[in-house]
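In: here is my input; please provide its structure:
(one chain, ligands or ions: 1)
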Amino acid sequence: MSRFFPTKANRRMRQIAAEIERILKGIIAKRENALRAGQATSDDLLGLLLESNMAHTRAGGNSKAGITTDDVIGECKLFYFAGMETTSVLLTWTMIVLCMHPEWQDRAREEVLHVFGDRTPDYDGLSRLRIVTMVLYEVLRLYTPLTALQRKTYRPTELGGVRYPAGVVLMLPLLSVHHDKEVWGADAHEFRPERFSEGISKASVDAPAFFPFGWGPRICVGQSFALLEAKMGLAMILQRFSFDLSPSYTHAPFTVGLLQPEHGAQVRLKRLH
Ligand code: HEM
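Out: Numbers count the residues shown, from 1 in each chain. Reported below is the predicted structural model:
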């Protein structure tokens, strides 16, 4: 309810939302005009979406067959939020955790230097990074960016022996599942990337218990891309810098939309050569 009150923060939020919508409408109109004029749009998600939408509308001979501009705006916002913040918060926690566990920072750097030397990382090499992948999985487990998922029953549903009517919101607490000692063992709260040494299914007693990207039909569409981006970013940082925590850093995981370090991530970088 509180988001409907005309508070200062709510008014500011609505202003920002309107501004983003105005900017996006401008970008979309420009791209659509270019498409109609037969000019190729740039090779990005918005270009592909508009091109496919236009082809779909034309094939159906019906301007209502495609998705609306509001839908396109919704997709842009979704991909921006779902794709940007999540991966950046994963990299932030990874840097913090590798400062707290310098032995893993050294192991990850050794692997990166062994695979790439000082070359720019490529797709094939990134798929061969074992230690880096284990580290990222363990960070995703302990500092799950999206700490909970919600689902609403749309018809009477029985779950675990309990019957729910339609319209009940169920919360799936990913972070709690990721910290559950019954599933992960007595060291569930500790950073131990080696638990993933034989893959995700062998890491927990009760597979599957690792859901940083959700599960089922609505599983994250960007999960492979996110891991690739995180590996690329981390590999390039490890190649160039060693890092430790500044004395001003205070460890305070805090949920503001995503799980973030409440007081920032004060990390000191030292150039390696
Ligand atoms: C570490 C990075 C990421 C994490 C932890 C993450 C996590 C998730 C989770 C848990 C969901 C499921 C939400 C639900 O079931 O209610 C989801 C959905 C989604 N993610 Fe990600 N995500 C990440 C990166 C990305 C990236 C890079 C993209 C795009 C390039 C992306 C695009 C999406 C989209 C479009 C959905 C909605 C899918 C649908 O509703 O069918 N995500 N993500």
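
In: flag every residue of the protein that's near the ligand.
Out: With C-beta under 6 Å from any ligand atom as the criterion, the chain comes near the ligand at residues 78-79, 82-83, 86-87, 90, 145-146, 149, 212-214, 218, 220-222, 225-226. Bear in mind the C-beta positions are built from the backbone N, C-alpha and C, glycine included.

In: buried ones among those?
Out: 83, 86-87, 90, 145-146, 212-213, 220, 226 (16 or more other C-beta atoms under 10 Å).

In: so what's the backbone phi/psi at residue 241?
Out: phi -130, psi 150 (degrees, to the nearest 10).

In: how about the buried ones among the residues of the chain next to the ligand, which pair is most distant?
Out: Spanning the widest gap among these are 83 and 212, at 14.4 Å by C-beta to C-beta.

In: the closest residue to residue 212 other than its chain neighbours: which element?
Out: Distance criterion C-beta to C-beta, 6 or more residues apart in numbering; nearest residue to residue 212, sequence neighbours excluded, is residue 140 at 3.9 Å. For residue 140, the element it lies in under DSSP states H and E is helix 130-142.

In: ditto for residue 171
Out: If you go by DSSP H and E, residue 171 is part of strand 169-172.

In: then that strand to CSV, C-alphas only?
Out: Provided in CSV are the C-alpha atoms of strand 169-172 (Å, rounded to 0.1, in the frame of the first residue of the first chain):
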residue,chain,number,x,y,z
VAL,A,169,1.5,-16.1,-2.4
LEU,A,170,4.2,-18.6,-1.6
MET,A,171,7.8,-17.5,-0.8
LEU,A,172,10.8,-19.6,-1.8
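
In: for that strand, the distance to its chain's centre please.
Out: 20 Å (C-alpha atoms, centre = their mean, to the nearest Å).

In: what lines up beside that strand in the sheet?
Out: Here strand 169-172 is paired, per DSSP bridges, with strand 149-152 (antiparallel).

In: now the element after the partner strand, going C-ward?
Out: Once strand 149-152 ends, the next helix or strand along the chain (criterion: DSSP H and E) is strand 157-159.

In: hmm, who's touching that next one?
Out: For strand 157-159, contacts defined as C-beta atoms under 8 Å, 6 or more residues apart in numbering pick out 163-164, 166, 168, 170.

In: so, low pLDDT: which residues of this structure?
Out: Applying pLDDT under 70 to the chain flags residues 1, 41-42, 60-65, 206-207.

In: which residue does it have closest to the ligand?
Out: For the chain and the ligand, the shortest gap (C-beta to the nearest ligand atom) falls at residue 222, measuring 2.2 Å.

In: state the distance from that residue to residue 80.
Out: 11 Å (C-beta to C-beta, to the nearest Å).

In: anything in contact with each of those two?
Out: By C-beta under 8 Å, 6+ apart, no residue touches both residue 222 and residue 80.

In: separation between residue 59 and residue 102?
Out: For residue 59, the distance to residue 102 - C-beta to C-beta - is 58 Å.

In: same question but for residue 49, I mixed them up
Out: Taking C-beta to C-beta, one finds residue 49 at 44 Å from residue 102.
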